[in-house]
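# Based on what follows, work out the 3D shape:
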Amino acid sequence: MSNITLKRIYDHKKPDDTYRILVDRVWPRGLKKSEIFFDEWNREVTPSVKIRKWFDHQESRFKEFTKLYTKELKQKEEELNRLRSIAKTKKVTLLYGAKDPQINHAVILRDVLTKLI
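As a prediction, this is how the structure comes out:
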């Protein structure tokens, strides 16, 4: 299921040919809803406030954050299956606000959705 890509919302505000899902628990700072295009804002599959704040985008914590977040996602199988179902028929873009394209929750979510983890 390589139909799932990642894009930073600040760099990719315009519509494209994909189903665009904003996967941040909080609204991206400095952006108005009218400034960006997305098909859905899915907060259900985002990390809990507790682990998100603990992680604080620190590279040294990413491995442990991955374990904790993956454990949380296992409790959301119904929603993950819904997203997988969308990805079977459409290209999906997961939109995130983090600065680092490699060290963020969207990377983990994509991997869980594509069953790499």
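
# residues in contact with the closest residue to Lys90 other than its chain neighbours?
Spatial nearest neighbour of Lys90, excluding adjacent residues (C-beta to C-beta, 6 or more residues apart in numbering): Tyr19 at 4.6 Å. Glycine gets a C-beta too; all of them are placed from N, C-alpha and C. Contacts of Tyr19 were listed using C-beta atoms under 8 Å, 6 or more residues apart in numbering, and they are Asp39, Ile86, Lys90, Lys91, Val92, Thr93.

# can you count the residues close to the third one?
When neighbours are defined as other C-beta atoms under 10 Å, Lys90 has 13 of them.

# Grab the nearest non-local neighbour of the most centrally placed residue in the chain.
Compute the mean C-alpha point of the chain, and by C-alpha atoms, centre = their mean the closest residue is Ala106, 3.4 Å away. The shortest distance from Ala106 to any non-neighbouring residue, by C-beta to C-beta, 6+ apart, is to Tyr96 (3.9 Å).

# got the contact list for that neighbour?
Neighbouring residues of Tyr96 by C-beta under 8 Å, 6+ apart: Leu6, Lys7, Arg8, Ile9, Leu22, Val23, Asp24, Asn104, His105, Ala106.
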